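Trainee: got a predicted structure here, sequence first:
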Amino acid sequence: MNVFHHLIYEYKKGVRSMMLCTLTSDMEEKARKKLDKNGINYKIQRLKNGNINVFFGKDECLLVANKICGDKPLNLLTPEQDFILGILLGYSVSEQCSRYCKKERKANVICLT
């Protein structure tokens, strides 16, 4: 929960517009209460292993993330979906480009290096 609280702090300071935190399912109610108390919109995705992904942030970012991912497990996203989600989460553009190229190479698609 410490990481979760820190992500809320960063979000409120404007570091990023959308956050993602994976928690155990027993933390779901605490996470919901904290986000509701802070007036932060969120989406919870249940994982097969019993954990949850908590996406939270600005409405427009959550809408795009939901359109891209839906309830699809993150490891099954296409390289393009993974790239867009990473950008929404504020990850380094150059790192996302490298990640995209690696995923494309695995799919036997040529990508500039």
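Mentor: Received, thanks.

Trainee: give me the residue at the spatial middle of the protein.
Mentor: The centroid of the chain falls nearest to Leu20 when counting by C-alpha atoms, centre = their mean (3.9 Å).

Trainee: now whichever strand or helix holds it: average pLDDT?
Mentor: If you go by DSSP states H and E, Leu20 is part of strand 18-24. Taken as a whole, strand 18-24 carries a mean pLDDT of 98.

Trainee: and for stretch 52-65?
Mentor: 97.

Trainee: quick one: buried residues of that stretch?
Mentor: Buried residues in stretch 52-65, defined by neighbour count with 16 or more other C-beta atoms under 10 Å: Ile52, Asn53, Val54, Phe55, Phe56, Gly57, Cys61, Leu62, Val64, Ala65. In this view, the C-beta of every residue, glycine as well, is placed from N, C-alpha and C.

Trainee: show me which residues of the worst-scoring helix or strand of the chain on mean pLDDT are buried.
Mentor: The helix or strand with the lowest mean pLDDT-type score in the chain, counting by mean pLDDT, DSSP states H and E, is helix 93-106 (a mean of 91). Neighbour counts over helix 93-106 (16+ other C-beta under 10 Å) mark Gln96, Arg99, Tyr100, Cys101, Lys103, Glu104 as buried.

Trainee: can you redo those residues as CSV with distance to Asn41?
Mentor: Formatted as CSV, the buried residues of helix 93-106 follow (distance: C-beta to C-beta, whole Å):
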residue, distance to Asn41
Gln96, 24
Arg99, 27
Tyr100, 27
Cys101, 32
Lys103, 29
Glu104, 32
